[in-house]
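Undergrad: Okay, sequence plus prediction incoming.
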Amino acid sequence: MPQHEQQPKLPHHPHDKGYKQLLANKKVFLELLKTFVREHWVETIDENSLVLVNKSYILQDFQEKEADIIYMLKTKNKSIIFYILLELQSTVDYLIPFRLLLYMVEVWRDVYNNTPQAERERKGFRLPPIIPAVLYNGATNWTAARTFKEMQAGYEEFAKYLLDFRYLLFDVNRYSEEELLKAANLIASVFLLDQRINPQELVKRLWKLAGVVKTLSPNEFRYLMVWLKNVIKPKMPADMQAKVDSYLDTTNPWEVEKMISNLELVLEEMQREAWLKGLKEGEEKGRLEGRLEGKLEGKLEGKLEGEREAKLQVAKNLLLLNVDIDTISKATGLSLEEIESLKKHLL
């Protein structure tokens, strides 16, 4: 298995790209574990023992919709692999445990193929343990099975013979605002901004995070700016994206308030343009409906006029044949007065 610490190949989706670039930093990855994983072994992890694996194990069918990131923790006696699947979709995929298994097997296959034959055939050879995890930012609750055994029918009866594992879940929208603000670090700040919120709430949260952002190291600050560009900028109209780029590219940690104010102005401008566009579309729709209504009314009036002319002509013909007025009224629907008036004009 390659163990060179390099920037991994980036996925196509900007949201996945943002998280992958962020978590490619060892400090941020370790921050993720220490902030959200309540296990004793987390506190023993040394950042210098983490190695980013420059490879993806995503199946070809899913390469356009998700990404992964892999770390190897090298200790004195063993190696442990962390496999994080970035499931940044709007809905829950209930096959996640099965897909995780496929990816984990591919990791083990890679380890096996890169281990000298003599070493892997000895009695003491062991595969490295893999700790799987899912990072999910969908709005709906995560309802997929959390263990692999639950994917197997009738697992209760044969549980002790079945393959099983449990994965960690980082569910971005399930963490409270209070919890994320209290963590006061980069990954918690990103989660807070990534939750399903409207533009006004986004600005409010940026102001709440201003103090935290000022404490970030230059590298962490740069990672936050890159994440904002990858995730927030694509949501903006094309003509405003250049403004967002310029604000984020030229911002320094001590100018956070200025950057937030500028983004606030961009969001307000975007909302104003959307309102004006809606107003204009509403006016155009009204004018179009008015024109259509006028055309329909004209057609209806013309039709009614044509029908009346036809009735009058029938009445004239019947009068010339000396048919009585009552009969003509019943046949044409014209009133007795109308027929009397028509009769006088014929005389």
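TA: Received it, and whenever you're ready, just let me know what you need.
Undergrad: would you list every one of the helices in the stretch 101-250 of the chain?
TA: 117-120, 155-158, 177-183, 186-194, 199-214, 218-231, 238-249 (DSSP state H, counting those that start in this stretch).
Undergrad: Point out the most buried one among these.
TA: Most buried of these, by mean neighbour count (mean count of other C-beta atoms under 10 Å): helix 186-194, with a mean of 23. C-beta coordinates here come from the backbone N, C-alpha and C atoms, glycine included.
Undergrad: With just CA atoms, put it into CSV.
TA: Output for helix 186-194, consisting of C-alpha atoms alone and laid out as CSV, is shown next (Å, rounded to 0.1, in the frame of the first residue of the first chain):
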residue,chain,number,x,y,z
LEU,A,186,-11.5,24.4,12.3
ILE,A,187,-13.5,21.2,11.6
ALA,A,188,-16.3,22.2,14.0
SER,A,189,-16.4,25.7,12.3
VAL,A,190,-16.7,24.0,8.9
PHE,A,191,-19.5,21.7,10.2
LEU,A,192,-21.3,24.8,11.6
LEU,A,193,-21.2,26.6,8.2
ASP,A,194,-22.1,23.4,6.3
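Undergrad: Please state the offset of that helix from the chain centre?
TA: Distance, stretch centre to chain centre, for helix 186-194: 16 Å (C-alpha atoms, centre = their mean, to the nearest Å).
Undergrad: what angle do that helix and helix 218-231 make?
TA: Relative orientation of helix 186-194 and helix 218-231, computed by axes from the mean of the first three to the mean of the last three C-alpha atoms, to 10 degrees: 20 degrees.
Undergrad: contacting residues around helix 186-194?
TA: 19, 22, 28, 31-32, 35, 137, 172, 175, 177, 179-181, 202, 205-206, 209, 212-213, 216, 220, 223-224, 227-228, 231-232 (C-beta atoms under 8 Å, 6 or more residues apart in numbering).
Undergrad: what about the nearest residue to Asp164 once chain neighbours are set aside, distance to Ala188?
TA: Excluding its sequence neighbours, the residue lying closest to Asp164 (C-beta to C-beta, 6 or more residues apart in numbering) is Lys149, at 4.1 Å. Plainly put, Lys149 is 32 Å away from Ala188 if you go by C-beta to C-beta, to the nearest Å.
Undergrad: what does Ile328 give?
TA: 90 Å.
Undergrad: do Met259 as well
TA: In this view, Met259 and Ala188 are 19 Å apart by C-beta to C-beta.
Undergrad: Correct me if wrong: Ile84 contacts Tyr136.
TA: No - under the criterion of C-beta atoms under 8 Å, Ile84 makes no contact with Tyr136, lying 11.0 Å away.
Undergrad: remind me which residues of the stretch 51-200 of the chain are low pLDDT?
TA: Using pLDDT under 70 as the threshold, the predicted model of the stretch 51-200 of the chain has low-confidence ranges 59-66.
Undergrad: That one: strands as residue ranges?
TA: 67-74, 79-87, 130-136, 168-171 (DSSP state E, counting those that start in this stretch).
Undergrad: Next, format those strands as JSON lines and append mean neighbour count and distance to Arg308.
TA: Shown next, in JSON lines, are those (neighbours: other C-beta atoms under 10 Å; distance: least, C-beta to C-beta, whole Å):
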{"stretch": "strand 67-74", "mean neighbour count": "22", "distance to Arg308": "73"}
{"stretch": "strand 79-87", "mean neighbour count": "22", "distance to Arg308": "70"}
{"stretch": "strand 130-136", "mean neighbour count": "22", "distance to Arg308": "70"}
{"stretch": "strand 168-171", "mean neighbour count": "18", "distance to Arg308": "72"}
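Undergrad: Tell me the helices and strands packed up against the helix or strand encompassing Ser329.
TA: In this assignment (DSSP states H and E), Ser329 forms part of helix 325-332. Under the contact criterion of 3 or more C-beta pairs under 8 Å, 6 or more residues apart in numbering; DSSP states H and E, the helices and strands touching helix 325-332 comprise helix 256-320, helix 336-346.
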